[in-house]
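Novice: One predicted model, sequence on top.
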Amino acid sequence: MKALRIIIGIIVVVAIIFVVGSFFLPKTYSVSRSTVINAPDSLIYKNIADFNEFYLWNPWAKMEPSAKTTFSGTPVTPGHQYNWVGKETGSGYMKIESLEPNKKIDIELKFIEPFESVADTKFDIVPDGNGQKVTWTMSGENNMISKWMCVFMGGMDGMIGKDFEGGLASLKEKSEKEN
């Protein structure tokens, strides 16, 4: 009986630390990576805003090519959507919210499984020397679970920064090869 009280006491203390500690962790996150691509802005734009093309360079499709994917809506227009369901990548969708031709793509990214969350994802394309600087940014709000995941995994930057770098390298390779 005494051992049971000790175990319950430990569980209560851990729960209190978990809840109270979450108030001191960041409420929001933002991850951003950039690269310069030596290709026309219109080509880079198409490779991002047409999810049929996006699929060919996106790091998570490469991580789990067996994930079930579907595309709907007209490519390169608001409402165009990319849905996925996978064992490693979970399930979710990306939907184009707004576009500024050859300059900006704003995407709603919703994860459904394993944890539900919504993020704002943007791609900005600006001239840089003989190429285009492409910046990929994802931002959102941390819920209690994601706050603690970030503590143990180096923050959202630590969790997805390398994926962004790999994805931009693949976008660069694809766009420069097509140029």
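Specialist: Structure's in. What do you need?

Novice: Tell me where this structure has helices.
Specialist: In the chain, the segments counted as helices under DSSP state H are 2-22, 41-49, 51-57, 59-63, 144-153, 155-178.

Novice: Return the member of those helices having the minimum mean pLDDT.
Specialist: Among the helices of the chain, helix 144-153 has the lowest mean pLDDT, at a mean of 53.

Novice: Spatially central residue for the protein, please.
Specialist: Central residue of the chain (CA atoms, centre = their mean): residue 138, 5.8 Å from the mean position.

Novice: do you know how far residue 40 is from residue 57?
Specialist: 16 Å (CB to CB, to the nearest Å). From N, CA and C alone the C-beta is placed, and that goes for glycine too.

Novice: out of those two, which sits in the more crowded spot?
Specialist: residue 57 (20 against 16; other CB atoms under 10 Å).

Novice: Neighbours of residue 116, how many?
Specialist: 12.

Novice: In contact with it, which residues?
Specialist: By CB atoms under 8 Å, 6 or more residues apart in numbering, residue 116 lies in contact with residue 110.

Novice: And it, how far from residue 140?
Specialist: 12 Å.

Novice: Also residue 42?
Specialist: Here the criterion is CB to CB. By it, residue 42 lies 29 Å from residue 140.

Novice: the more surrounded of these two?
Specialist: residue 140 (18 against 12).

Novice: is the more buried one in a bridge, and if so with what?
Specialist: On the basis of DSSP bridges, residue 140 is bridged to residue 29, residue 119.

Novice: Isn't it up against residue 118?
Specialist: Yes. The criterion here is CB atoms under 8 Å, and residue 140 meets it with residue 118 at 6.3 Å.

Novice: State the distance from residue 63 to residue 45.
Specialist: Residue 63 is 24 Å from residue 45, by CB to CB.

Novice: Neighbour count: the two, which is higher?
Specialist: Of the pair residue 63 and residue 45, residue 45 is the one with more neighbours under other CB under 10 Å, namely 23 against 13.

Novice: so who does the more buried one touch?
Specialist: 76, 101, 102, 103, 105, 125.
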